[in-house]
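Student: no FASTA, just this:
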């Protein structure tokens, strides 16, 4: 009986480690489940102790291998990384999901005032939210904008302190991800993307989610910053591919990659917190700061990062 018990608790984490490290990402239910990989590592460590207490050494060994295999994939998020040596100007980025435009306008304006971002990316940006924010003085602080407001959850925007040139919006499944080229006074040109692919569905394949992430511009000759609600963590394959391509996650660089950004409130608030809002910066940029902030009446926490351009 104890043998069966030990294998029943150990086997799921062994399978988790195998799939997570395989380079293959199944569909439902793996896409939402893999977001909880940091919790799985902790739970797998408990199964090691349980197997040892039951004196089931084979199961304990499998559990230990699972922990050791997953730890290098998640532990670096708590450890600060080095930065390239750059001497260019600063670029301060704030990103916020407005929960279908419901987020508190005054509180968001207070974040803009205190954090003084050069760039603000907004998701779930509705026409009403745009009217409220601009009436509250957003365009006075960040006068340049590429706005793509939509009813519901599909709208997005980029506001900036410096001139913007609109890029082609990424559109999949009714979700628009605004793109804009920013011309920094220091002479540097940076593409900014307000990231918000549609959320993974509760069942079935995830073509809209996958396509929205796959369409994000790859790192390359031009400098780019991807900021917003990715609906994905660093354990999802599309995000890992972006990082392998030449981006760095600001939270990960600063050793704050375990700070959850969702859910803050709403119908999912009892779920364990996960980190699905990110600032991904070209690896040639230095990351000087990263914070997860508070904003009332939305289920996401805004994220803020100070970057240094080459």
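Tutor: Yes, it's here. Keep in mind it's a predicted model, so treat the numbers as computed, not measured.
Student: show me where pLDDT drops low in the protein?
Tutor: Flagging of the chain using pLDDT under 70 yields the residue ranges 1-3, 5, 202-205, 266-267.
Student: you'd agree residue 92 is up against residue 309?
Tutor: No - counting by C-beta atoms under 8 Å, residue 92 does not reach residue 309; the two are 11.2 Å apart. (C-beta placed from N, C-alpha, C; glycine too.)
Student: who's more crowded, these two?
Tutor: residue 309 (22 against 17; other C-beta atoms under 10 Å).
Student: so what's that one up against?
Tutor: By C-beta atoms under 8 Å, 6 or more residues apart in numbering, the contact list for residue 309 reads 86, 88, 89, 90, 91, 184, 186, 188, 190, 223, 285.
Student: filter these down to the buried ones.
Tutor: Among the contacts of residue 309, the ones that count as buried by 16 or more other C-beta atoms under 10 Å are 88, 91, 184, 190, 223, 285.
Student: list the contacts of the third one.
Tutor: Listed by C-beta under 8 Å, 6+ apart, the contact set of residue 184 reads 89, 91, 118, 162, 190, 309.
Student: got the contact list for the first one?
Tutor: Applying C-beta under 8 Å, 6+ apart to residue 89 gives the contacts 184, 185, 186, 188, 308, 309.
Student: so how far is residue 252 from it?
Tutor: Counting by C-beta to C-beta, to the nearest Å, the gap from residue 89 to residue 252 is 23 Å.
Student: contacts only, for residue 138.
Tutor: Contacts of residue 138 by C-beta under 8 Å, 6+ apart are 109, 112, 120, 159.
Student: and the contacts of residue 89, which two are the farthest apart?
Tutor: Distance extremes for these: the farthest pair is 185 and 308 at 14.6 Å, using C-beta to C-beta.
Student: with neighbour numbers in mind, choose between these two.
Tutor: The neighbour count for residue 185 versus residue 308, taken as other C-beta under 10 Å, is higher for residue 308 (18 against 10).
Student: for the stretch 1-150 of the chain, just list every one of the helices.
Tutor: Secondary structure of the stretch 1-150 of the chain by DSSP state H, counting those that start in this stretch: the helices cover 2-20, 30-33, 37-53, 57-74, 105-115, 127-135, 138-141.
Student: between the ones you listed, which gets nearest to residue 153?
Tutor: Of the helices of the stretch 1-150 of the chain, nearest to residue 153 by C-beta to C-beta is helix 127-135, at 11.5 Å.
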